[in-house]
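Chemist: got a predicted model here, sequence first, then my questions.
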Amino acid sequence: MKRGGIMEVKLWEKPKNCTIIEGFPGFGLVGTIASEYLIEHLKTEQIGKILFNDMPAMVAIHENKVVEPLCVFYNQKYNIVILHAITAATHYEWEMASTIGKLASDLKASEIISLEGVGPGDEGESSRVFYYANNDKNAKLFQKANIEALKEGIIIGVTGAILLRVEKTPVSCLFAETHSNLPDSKAAAKIIEALDKYLGMELDYKPLLEQAEKFEQKLKTILQKSQEAQEISDKKKLSYFG
Amino acid sequence: MKRGGIMEVKLWEKPKNCTIIEGFPGFGLVGTIASEYLIEHLKTEQIGKILFNDMPAMVAIHENKVVEPLCVFYNQKYNIVILHAITAATHYEWEMASTIGKLASDLKASEIISLEGVGPGDEGESSRVFYYANNDKNAKLFQKANIEALKEGIIIGVTGAILLRVEKTPVSCLFAETHSNLPDSKAAAKIIEALDKYLGMELDYKPLLEQAEKFEQKLKTILQKSQEAQEISDKKKLSYFG
Amino acid sequence: MKRGGIMEVKLWEKPKNCTIIEGFPGFGLVGTIASEYLIEHLKTEQIGKILFNDMPAMVAIHENKVVEPLCVFYNQKYNIVILHAITAATHYEWEMASTIGKLASDLKASEIISLEGVGPGDEGESSRVFYYANNDKNAKLFQKANIEALKEGIIIGVTGAILLRVEKTPVSCLFAETHSNLPDSKAAAKIIEALDKYLGMELDYKPLLEQAEKFEQKLKTILQKSQEAQEISDKKKLSYFG
Amino acid sequence: MKRGGIMEVKLWEKPKNCTIIEGFPGFGLVGTIASEYLIEHLKTEQIGKILFNDMPAMVAIHENKVVEPLCVFYNQKYNIVILHAITAATHYEWEMASTIGKLASDLKASEIISLEGVGPGDEGESSRVFYYANNDKNAKLFQKANIEALKEGIIIGVTGAILLRVEKTPVSCLFAETHSNLPDSKAAAKIIEALDKYLGMELDYKPLLEQAEKFEQKLKTILQKSQEAQEISDKKKLSYFG
Amino acid sequence: MKRGGIMEVKLWEKPKNCTIIEGFPGFGLVGTIASEYLIEHLKTEQIGKILFNDMPAMVAIHENKVVEPLCVFYNQKYNIVILHAITAATHYEWEMASTIGKLASDLKASEIISLEGVGPGDEGESSRVFYYANNDKNAKLFQKANIEALKEGIIIGVTGAILLRVEKTPVSCLFAETHSNLPDSKAAAKIIEALDKYLGMELDYKPLLEQAEKFEQKLKTILQKSQEAQEISDKKKLSYFG
């Protein structure tokens, strides 16, 4: 059901010439887990959020804090803006892509990097990471970091829409193969490793896998609880007035 | 089905600097039962209502009086505005949250307190009550009243939307664990007890459980009759012209 | 399916200070049968109609005359405007209530009387009639006419919406208990009897039951034929172009 | 699914004071077959078409010519404008009726005649033809032509909507009983016969039944091919990108 | 679900008096395969694209390049603009037809040629090619090129909508019979052969079938991967927050 929806970015700080990294929940929740890792591991502060009236009216409380569904964080050291999403923009991917494109223009961002999961190829169990870049200079940097190019693939969701719609800002993607649609912290860890190489952040990514697992666990808890809530809520609708 | 709906607050009195307490039907109808208890137990008068074209066209008559589905009451002694809802704002939670946020701004309300049910944790049968407050001063007051903080949880519905969208007015919540989706007067009574401690209203809450049960009964009657009405109405649609 | 629908009252006469009586098809089609009885039994003329683009495109021809689905009649002797509906305003009850409320304001009507069916109580087979009035003076007149007040009930449809939304004009309702969702001429006859007492019209309501049965029969014919038409039409849709 | 649809009449000739005859596909496709017969049998030329964005994007090619789904023809001798439709205006009947009503006003048409099928009565197999006219003068002309009045019936679709909504132009209908929802050329032939008597066109209707059968066959071919196309198209949707 | 969608042509070059060839995915994906062959075989460059918010947010990466879903190419030698689509405009065919018609007007195009598949006739296995042209001069050119006219057929989708809606620019179609709804490179090759004869391009179409098979294979890969992606995505929706 469509609600003539609001989609609006609220920023209380506007860092210029930044790199924007977005992590939306996709295959294996890779984008969400990886962007959460960055927020917690790098020194970041919240600088904004995205309002969006067409997502379900549901909020998670985690460790006695409200978890914003679409949140903008900032790391000053690397001049990185991180867009962390735990809510999918289902049916509104084009609008979300336009919103992110406009944000990038407003901040004169030098690059948008999408973190995303892709369905696996046929070769074994280990998650590989691939890049795609629509800018030659960036493509060479990925190659230099020994990251493989994505030859064939179908990208759905916000990342797919960004690839087709954002024109003014160079767009790069890191894709981690993921074998299931459960939260996949290993794939997310691989993406962080690749991102670190690419951006030269010299992240201490030794604790990465353990931490990613911790986030995975957190997300699983949130997901499970929201399913329970949804189920009770659905049943409830049968019984009360309205 | 969407109707380009009207949502409008009509107030014929505008008490300033009040505390707003909202009780929407959620898990266990806790918010509705608890807010009704306040309306009947405190000295209150109706000061307004919320018009909303996307709720079902259904009205309850109880003791020969029309029961307003979305009603605003006022208690002068504690300067409390009570928003009592027997109709859920399904699909319109964000709009309802914005409407309540705007109401709070207009009245320069010092706090919005949401009364809400949450799914139970694992420990036994007794309903516990938790708080959440996005304002440190209020959080301390809850702790002082010996109310436990909600560590983990998923909040859906109008309360969830208020938590994410209302920014100018401090928001607090009281959550009662509830084990079913039937009207739960015990959980509602626990919430009233906690609210009384928090606000220092010195409510005589001895008769509370019996009264809450009375309201529960009233709601059950209304719910049962509206289900019957709905059923007859659904069958009827098969047989008449239009 | 919503069509940005038109709802418009067309009146070619505007009697002032009238009483408006509305009969929409509800439980037992009581409102429709009763209002039709008034139209035929009192000396009435059509003074308008309600256009409404969201009803099905279907018209009944009865005795070689088009039966208007939403029609406004007038009886000069008692200064009564009768709104006779054979089409339900399903999903558009609030708009219809606003439309009727505006009509009442425009005509400076002294009262809106809704004729409606309600689900039965537990006591036996005979249809009882109840009143509800939001105006004390009118309530006393109903009591004087020995009509019982409705203590508990759920009112759905246009009548329910009128009860919540019309504020400038006093609203009264006459409810007849009805045991089925088939056209119920007995319940309609009881309502006419009560209305006659209330308004002091001194209607000759001896032939009432027979006449009501005649209307019931007419409605049954229309309903049956429209179901047949609908069924053929639904099948047809499988076979032609478009 | 609604598309904020365009409905627009394009006329490149505007004959004044004409009679408008409309044939929409209804029961037995009677209106479509009969209006097609008129177009082919009388000397006619296309003078316009109706654009309508909510019909399926499907076009028939017949004898190497595009068959317009909603087409306006003109016969000068009898000053007749024929609206020939092979596409139903499902869900948009009111808009179509308004569009036709406006067309009639613009052309100062003296009468709109709808050709339509109705469900059969109980008496035997032969198709009877009935009239309905909302103008007494026209009613008398139908009686004079020995055409029976329709006493009871439910008219659905564009013709039903025209009967309720067109007010400035007199509306007449010719209804042919039809026993199935397949194209019924016999019923269409009966309507042509009646129309000829009514308008005094002295049509040579001896070849009528054979010709009507030819049109029936053409329509059956179109319908069958469009069903095949639809079926392949529906399957196709499972397999391609988008 | 409708999104008040954007449909917009972006052109960074505007060749005048060109011939526009459009290939949308229809039966056998004939239009898509044939237009892709033209793009690769003729010397072409991308000169624009069509933005369209109501297509699924999904992008294919092929040979490390983003495959635009709705792309405009140009060949200078023959002054041909090729509109290549791998996404169907399901539910938006009329809008797409209007968009293409407007594009043709803006470029003062001399002709729009639609490449399309049609369901097969009854005669054997070999794919025949037919033309339709709404302009006599063009029809004669097709006959001169020994291409058969389409006598009977139902055209659905964008090509069907173009046939009914584009009025200022002459419209021609080449239809290849196709026996399945799988990508059909043979039918596409036949269309290219006919197009070459018609336009006198003297294309070296010896390698055509092999090349068309290569494109068919590419499309199959894209289709298969997007189905896999869609399936994983659909499952995923069951499990994450939002």
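Modeler: Happy to help now that I have it.
Chemist: as a check, name the ranges of all helices in chain A.
Modeler: With helices called from DSSP state H, chain A shows them at A:30-41, A:93-106, A:136-144, A:158-165, A:185-199, A:208-239.
Chemist: looking at these, which is closest to residue B:168?
Modeler: Closest of those to residue B:168 is helix A:93-106, at 23.7 Å (criterion: CB to CB). In this view, the C-beta of every residue, glycine as well, is placed from N, C-alpha and C.
Chemist: related to what we said a few turns ago, of the helices of chain A, which is nearest chain D?
Modeler: helix A:158-165 (12.0 Å; CB to the nearest CB).
Chemist: now the closest one - C-alpha only, PDB.
Modeler: C-alpha atoms of helix A:158-165 as PDB (Å, rounded to 0.1, in the frame of the first residue of the first chain):
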ATOM      1  CA  VAL A 158      19.100   0.000  -3.700                       C
ATOM      2  CA  THR A 159      22.600  -0.800  -5.000                       C
ATOM      3  CA  GLY A 160      21.200  -1.800  -8.400                       C
ATOM      4  CA  ALA A 161      19.200   1.400  -8.600                       C
ATOM      5  CA  ILE A 162      22.200   3.500  -7.600                       C
ATOM      6  CA  LEU A 163      24.200   1.900 -10.500                       C
ATOM      7  CA  LEU A 164      21.600   2.900 -13.000                       C
ATOM      8  CA  ARG A 165      20.600   6.300 -11.600                       C
END
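Chemist: in CSV, list the helices of chain A along with distance to residue D:42.
Modeler: Listed next are the helices of chain A as CSV, based on distance: least, CB to CB, whole Å:
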stretch, distance to residue D:42
helix A:30-41, 67
helix A:93-106, 51
helix A:136-144, 69
helix A:158-165, 54
helix A:185-199, 73
helix A:208-239, 60
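Chemist: in JSON lines, list those along with mean pLDDT, distance to residue B:207 and mean neighbour count.
Modeler: Converted to JSON lines, these look like this (pLDDT from 0 to 100; distance: least, CB to CB, whole Å; neighbours: other CB atoms under 10 Å in any protein chain shown):
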{"stretch": "helix A:30-41", "mean pLDDT": "91", "distance to residue B:207": "49", "mean neighbour count": "26"}
{"stretch": "helix A:93-106", "mean pLDDT": "94", "distance to residue B:207": "52", "mean neighbour count": "21"}
{"stretch": "helix A:136-144", "mean pLDDT": "96", "distance to residue B:207": "71", "mean neighbour count": "14"}
{"stretch": "helix A:158-165", "mean pLDDT": "94", "distance to residue B:207": "54", "mean neighbour count": "26"}
{"stretch": "helix A:185-199", "mean pLDDT": "93", "distance to residue B:207": "53", "mean neighbour count": "23"}
{"stretch": "helix A:208-239", "mean pLDDT": "68", "distance to residue B:207": "27", "mean neighbour count": "17"}
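Chemist: among those helices, which comes closest to chain E?
Modeler: helix A:93-106 (3.3 Å).
Chemist: TSV for the helices of chain A, including distance to chain C?
Modeler: Shown next, in TSV, are these (distance: least, CB to the nearest CB, whole Å):
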stretch	distance to chain C
helix A:30-41	35
helix A:93-106	22
helix A:136-144	47
helix A:158-165	27
helix A:185-199	43
helix A:208-239	14
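Chemist: which among those is found nearest to chain B?
Modeler: helix A:208-239 (3.9 Å).
Chemist: check contacts around the nearest residue to residue A:155 once chain neighbours are set aside.
Modeler: Leaving aside its sequence neighbours, residue A:155 sits nearest to residue E:59 (CB to CB, 6 or more residues apart in numbering or on different chains; 5.1 Å). By CB atoms under 8 Å, 6 or more residues apart in numbering or on different chains, the contact list for residue E:59 reads A:154, A:155, A:156, A:160, A:161, A:163, A:164, E:66, E:67, E:69.
Chemist: can you put those in a markdown table and add distance to residue D:82?
Modeler: Below are the contacts of residue E:59 laid out as a markdown table (distance: CB to CB, whole Å):
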| residue | distance to residue D:82 |
| --- | --- |
| A:154 | 51 |
| A:155 | 53 |
| A:156 | 50 |
| A:160 | 50 |
| A:161 | 49 |
| A:163 | 53 |
| A:164 | 48 |
| E:66 | 52 |
| E:67 | 48 |
| E:69 | 43 |
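Chemist: ok, those residues vs residue B:109, which is closest?
Modeler: Among the contacts of residue E:59, residue A:161 lies closest to residue B:109 (CB to CB), at 39.8 Å.
Chemist: got a list of what the closest one touches?
Modeler: With the criterion set at CB under 8 Å, 6+ apart, residue A:161 makes contact with A:93, A:94, A:96, A:97, E:57, E:59.
Chemist: find the nearest non-adjacent residue to it, please.
Modeler: Residue A:161 sits nearest to residue A:97 (CB to CB, 6+ apart), 3.5 Å away.
Chemist: tell me which residue in chain A sits closest to chain D.
Modeler: For chain A, CB to the nearest CB, closest residue to chain D: residue A:154, 8.5 Å.
Chemist: touching, that residue and residue E:60? I think so.
Modeler: Yes - contact criterion CB atoms under 8 Å: residue A:154 and residue E:60 qualify, at 5.5 Å.
Chemist: so what's the residue nearest the centre of chain A bridging to?
Modeler: In chain A, the residue lying closest to the centroid (CA atoms, centre = their mean) is residue A:23, at 0.7 Å. Here residue A:23 sits in beta bridges with residue A:84, residue A:115, going by DSSP bridges.
Chemist: ok, it - contacts?
Modeler: A:30-36, A:38, A:82-85, A:114-115.
Chemist: try 7 Å
Modeler: Residues in contact with residue A:23, defined by CB atoms under 7 Å, 6 or more residues apart in numbering or on different chains, are A:31, A:32, A:34, A:35, A:84, A:85, A:115.
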